[in-house]
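In: My questions concern the predicted model and sequence given below.
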Amino acid sequence: TILFPAREKLPSLLTGATGNAALRIPGSGIAIDLAKAFAAPLTATSANISGRPPAETPSDVRAYFGDAIDLIIDSGRAPGGQPSTIVDATVNPPVILRQGRIVLDLH
């Protein structure tokens, strides 16, 4: 996941009013298939509340977000493991905010 400054015209709903956006290529086959089917980028948040463990089942997602979600695609239990690596490219030089599945050394 790479965090970068968002263009001014990007709605604050998509930036969380931070002025930043993030780009991530998911490891999930179904997420990639959805993006291919729409032939466009998808916007999404992570399936957890900040600071809480990731949701691994549709029941977990519903417990976190309740009726705020219109649709859940049940593709089974999400694979556990390490979260994504997050790189903050809003600063120079970029900084690793979270070391995850992809191990980076920016020095």
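Out: Sure thing, it's come through. Numbers count the residues shown, from 1 in each chain.

In: what's around Ala6, how many residues?
Out: Residues lying near Ala6 (other C-beta atoms under 10 Å) number 18. Glycine gets a C-beta too; all of them are placed from N, C-alpha and C.

In: Would you confirm that it contacts Leu14?
Out: Yes - Ala6 is within contact range of Leu14, at 7.4 Å (criterion: C-beta atoms under 8 Å).

In: so what sits against both of these two?
Out: When contacts are counted by C-beta atoms under 8 Å, 6 or more residues apart in numbering, Ala6 and Leu14 are jointly contacted by Ala21.

In: tell me the centre residue of the protein?
Out: The centre of the chain sits closest to Ser46, judged by C-alpha atoms, centre = their mean, with a distance of 4.5 Å.

In: ok, for it, nearest residue in space, not its chain neighbours?
Out: In this structure, Ser46 finds its nearest non-sequential neighbour in Pro54, 6.8 Å apart by C-beta to C-beta, 6 or more residues apart in numbering.

In: Check that neighbour and give its pLDDT.
Out: Per-residue pLDDT puts Pro54 at 79.

In: which SS state does it fall under?
Out: Per DSSP: H, G, I helix; E, B strand; the rest coil, the secondary structure class of Pro54 is coil.

In: What is the burial count for it?
Out: The tally of other residues near Pro54 (other C-beta under 10 Å) stands at 15.

In: In contact with it: list those residues for me.
Out: Contacts of Pro54 (C-beta under 8 Å, 6+ apart): 46-48, 78, 83.

In: Stretch 72-81: which residues count as buried?
Out: Residues Ala78 are the ones in stretch 72-81 that count as buried (16 or more other C-beta atoms under 10 Å).
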